[in-house]
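> show me the folded form of this:
(chains A and B)
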Amino acid sequence: MCQVDEDYNGLLESPVVVSETQKCNKCKETTAALILKPGEALCRGCFKEHFVHKFRAMLGKNRIIFPGEKVLLAVSGGSSSCAMLSQVQEGLGQNAHKKLRFKPGIVYIDEGCLLGQSMEERQKTMAQIHSLFKVTGFPYHIIPLEMVLNLPSSVLESVHLATDDPAGNYKVAVDHFMQSNPGHSVDPNTQVHQAELRVLTDATVPQLIDESQTQTLQELFSRVKTLTAKEDLLHTLRRHLLVSTARAEGYSKLMLGENCTRLAVKLLANIAMGRGAQLGVDTAFCDPRYGDIVAVKPMRDYTAKEISLYNYMWNVPSVFIPSLETKTADKSSIQRLTESFVVKLQVDFPSTVSTIYRTGEKLQTANFTEDIEGAPLKCLLCMCALDTTLGETSAFQATLISEQLSNVGTTHPMQGHLRPDTQTKCCSPCDQQDGEEQCEAHAVCCSHFKGGDSMNLESLLCYSCQQTVKDMTSVEFLPQYIMSEAKRRNRRSQIRREISEFLLNEDQDCTSIKAES
Amino acid sequence: MAAPITLHLVFGGGAELLFDGVKDHHVTLPSQSEPWNMKQLLVWIGQNLLKERPELFVQGDNVRPGILVLINDADWELMGQLDYQLQDKDNVVFISTLHGG
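Below is the predicted model:
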């Protein structure tokens, strides 16, 4: 049932023969121009209406973006994010009752350095992006990926906001907006402000890229052995940069252009990569993992086909920018293989994507271990709740044991480095700063740690991010903000271990209270 | 005997990379005994236009899944797909919807 090119012995119904003159299913007048799903043929006009309505409905239904709020659109130049940009533009230009009322800004991250592009090529791409954004009139930021090396380690902390009833909040925000903007006239101040911002960003656009930083980043990616891990690492770094840009520029929402096909692929690929526990947050409309910056995916109801057709028919400009996956074979990475599997299946079973996607909608993340302040422990890289702090009978432990057993006899250079838990006797005290002397004594055991900078990185990561780090030959090239945050967290947990006997744990607390009463 | 036909082919969404980065192609198909259909066009493109990695464009005798085809600005699923008989001055568009082109 789920195999590509399987022989069905004629069980499959032959596709309904559609004639060139088939009428649109909606208006029943004009000749259809496309088929969205079997039996649903639409003409150009109805397709546009359908497309525009879907975007509004997605935002309207979820009520997450408040009027007047600053929203940062992450535009990669690809068709999905450019369609998103055009929808926002259209929504802001609408007449009063349908009008979108948030303040958009755009961000583009230039990743040319990872593809070995020369500075001229990168400047050329950036110039294309520049002219694409300029016509929108929104403030925009064009940022080279190298900026990720300058991030502060505070990026990795999610900021907690007091959350009340979101629906109530929304109503209050709408009322407030109505009062402050009677008649919905555009506030001249905001226009001036936008213009200022634009000038500002214009001036900083051809940002000088420090070549040594380019090299550092290339060095980091050259240490990653597989394309799967490279893509995952790039995804993580890109997210950090987006969130940090949003914070720095005062945006409170981040809009991502991931479409339905993409999310279906991501869902299956993530399962294969051991991110099962994080599926819910990774694919949901609203992703609250960063706390103050909420990532939303307004394009998640559109298939890739819908978007490409819309962009083609209505001349939505997009810039094709090669990525790590460009021109690679099907089996080059898990993500790539999953994509080819899903799209191939989609040819014969047109509801494949929507079935996977609807399944994803029903997923929710279970609650995980919390730290002393009551905040859940989060993965250092992907910032999802840690899935590695489970009991001894968990599937995670079983995986570790079976991996350990299959590695018996083969000395893997990274082995000790990867499973600090099994080596706690020796390695965890040496990890700490005050453990210099001990470290020498355990030099033999700790020899797998490369350089004195090594630390208990894995205990801070979720299972999937551990796998990514495992595919790196060395972690020393990870950006400084990640390393220093890792050190800080390690130190904290060490101190907590040291003082643990003086702390009342919750169970004792409860029993003593009960005894008193 | 069908007369030679001229076509306007457009490649987009990253598919143009397999054609030396050229998006627009004006081509003339030679005359042959039977009328040209899409199936034959794909073979012809593979032999005459594709510069590299043919498996990233054609798989079997069909286009690679994930590449959209439009004939005269309409979805080719409405036109009979591979069996569509090409007419002179037809406009055929190939758009890759795959991540990374």
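> with adjacent residues omitted, what lies nearest to the residue most central in space within chain B?
Nearest to the geometric centre of chain B sits B:Leu42, at 5.4 Å (Cα atoms, centre = their mean). The spatially closest residue to B:Leu42, leaving aside those adjacent along the chain, is B:Val58, at 5.6 Å (Cβ to Cβ, 6 or more residues apart in numbering or on different chains). Where you see a C-beta, it was placed from the backbone N, CA and C, and this is true even at glycine.
> need the contact list for that neighbour.
B:42, B:45-46, B:50, B:64 (Cβ atoms under 8 Å, 6 or more residues apart in numbering or on different chains).
> buried ones among these?
B:42, B:45, B:50, B:64 (16 or more other Cβ atoms under 10 Å in any protein chain shown).
> what is the nearest of these to chain A?
For these, the minimum distance to chain A (Cβ to the nearest Cβ) is 8.5 Å, reached by B:Arg64.
> ok, that closest one - contacts?
Contacts of B:Arg64 (Cβ under 8 Å, 6+ apart): B:55-58.
> and those residues, which two are furthest apart?
B:Leu56 and B:Val58 (8.6 Å; Cβ to Cβ).
> so A:Thr393 belongs to a helix, correct?
No: according to DSSP: H, G, I helix; E, B strand; the rest coil, A:Thr393 belongs to no helix; its state is coil.
> before we move on, back to that, which of the helices or strands spans the residue nearest to the centre of chain B?
Using DSSP states H and E, B:Leu42 falls within helix B:38-48.
> now tell me what touches that helix from outside.
With Cβ under 8 Å, 6+ apart, helix B:38-48 has contacts from B:7, B:9, B:27, B:29, B:32, B:54, B:57-58, B:61-63, B:69, B:71, B:76, B:81-84, B:86, B:92.
> and for the residue of chain B found nearest chain A, the neighbour number?
As assessed by Cβ to the nearest Cβ, chain A sits closest to B:Gly100 within chain B, at 3.2 Å. The number of residues packed near B:Gly100 is 20, by other Cβ atoms under 10 Å in any protein chain shown.
> for it, give me its contacts.
Contacts of B:Gly100 (Cβ under 8 Å, 6+ apart): A:322-328, A:336, B:14.
> sec struct for it, please.
coil.
> wait, what's in contact with the closest residue to it other than its chain neighbours?
Beyond its immediate neighbours in the sequence, the residue positioned closest to B:Gly100 (Cβ to Cβ, 6+ apart) is A:Glu325, lying 3.2 Å away. The contact partners of A:Glu325, by Cβ under 8 Å, 6+ apart, come to A:227, A:231, A:332-333, A:335-336, B:99-100.
> before we move on, what about A:Val243?
So A:Val243 contacts A:155, A:254, A:290, A:293, A:295 (Cβ under 8 Å, 6+ apart).
> out of these, which are buried?
A:155, A:254, A:290, A:293, A:295.
> and which of these is nearest to A:Ser459?
Distances from A:Ser459 to the buried ones among the contacts of A:Val243, taken by Cβ to Cβ, are shortest for A:Val155, at 20.1 Å.
> so B:Val10, which of the three states?
Going by three-state DSSP: B:Val10 is strand.
> any idea what it is bridged to?
Beta-bridge partners of B:Val10, counted by DSSP bridges, are B:Asp24, B:Val93.
> next, find the distance separating the nearest residue to A:Glu146 once chain neighbours are set aside from chain B.
Nearest residue to A:Glu146 in three dimensions, chain neighbours excluded: A:Gln213, at 4.2 Å (Cβ to Cβ, 6+ apart). In this view, A:Gln213 and chain B are 25 Å apart by Cβ to the nearest Cβ, to the nearest Å.
> picking up where we left off before, buried subset of the contacts of B:Gly100, written for ChimeraX?
Those of the contacts of B:Gly100 that count as buried under 16+ other Cβ under 10 Å are selected in ChimeraX with:
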select /A:322,323,324,325,326,336 /B:14
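> before I go, just wanted to say thanks for your time.
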